[in-house]
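Trainee: Generate coordinates for the sequence data below:
(one chain, ligands or ions: 1)
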Amino acid sequence: MSTSKFFTLKEVSLNNNCPECYSKDGLKLTFKQKFIENIFYKSITSETINEMHCETCDTDIFPVRWTDEIEQVVNYKKRALHPKPKSIKLKPLAWVFIIVDAFLLITVILFVTGIVSF
Ligand SMILES: [Zn+2]
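Mentor: Here you go, the predicted model:
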């Protein structure tokens, strides 16, 4: 029921040569951070991924194609990255459940302790 999604954290243009078309101004590195969303909450995880794409030849550049130079730059950019802190945000439906649960619990306690009787 929950799905993992990614949002774009940061996009940087690289000055490296594309391993496919050798263009110097097409490489773009995108950092994405993972979040999980379901009907109750949206939660940001600490997991980040990066993708590289060349806009000149419109090719996804996978890590196997990276040169040492590109790898160095990616590592450098990665260190400078500030991912969003882990967080969890409850959706309205979750609050409804919590409130209903709390209400039921209070009713049960009142009933068991004899404060309320039918
Ligand atoms: Zn290219």
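
Trainee: Show me where this protein has its helices.
Mentor: Assigned by DSSP state H, the chain shows helices spanning 68-79, 92-112.

Trainee: Kindly format the C-alpha coordinates of the shortest one as PDB.
Mentor: In other words, helix 68-79. In PDB, the C-alpha atoms belonging to helix 68-79 read as follows (Å, rounded to 0.1, in the frame of the first residue of the first chain):
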ATOM      1  CA  ASP A  68      37.600   8.700 -12.900                       C
ATOM      2  CA  GLU A  69      37.300  12.400 -13.300                       C
ATOM      3  CA  ILE A  70      33.500  12.300 -13.300                       C
ATOM      4  CA  GLU A  71      33.500   9.900 -10.300                       C
ATOM      5  CA  GLN A  72      35.700  12.400  -8.400                       C
ATOM      6  CA  VAL A  73      33.300  15.300  -9.200                       C
ATOM      7  CA  VAL A  74      30.300  13.200  -8.200                       C
ATOM      8  CA  ASN A  75      31.900  12.300  -4.900                       C
ATOM      9  CA  TYR A  76      32.800  15.900  -4.300                       C
ATOM     10  CA  LYS A  77      29.200  17.100  -5.000                       C
ATOM     11  CA  LYS A  78      27.900  14.300  -2.900                       C
ATOM     12  CA  ARG A  79      29.900  15.400   0.100                       C
END
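
Trainee: and residue 56, backbone torsions?
Mentor: Here is the backbone geometry of residue 56 (degrees, to the nearest 10): phi -70, psi -50.

Trainee: I figured it hits residue 21, correct?
Mentor: Yes: using C-beta atoms under 8 Å, residue 56 is in contact with residue 21, at 5.4 Å. C-betas here are computed from N, CA, C, even on glycine.

Trainee: Would you mind putting the helices of the chain into a markdown table with mean neighbour count alongside?
Mentor: Formatted as a markdown table, the helices of the chain follow (neighbours: other C-beta atoms under 10 Å):
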| stretch | mean neighbour count |
| --- | --- |
| helix 68-79 | 13 |
| helix 92-112 | 11 |
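
Trainee: Up against the ion, what does the chain have?
Mentor: Residues of the chain lying near the ion by C-beta under 5 Å from the ion: 18, 20, 21, 26, 54, 56, 57.
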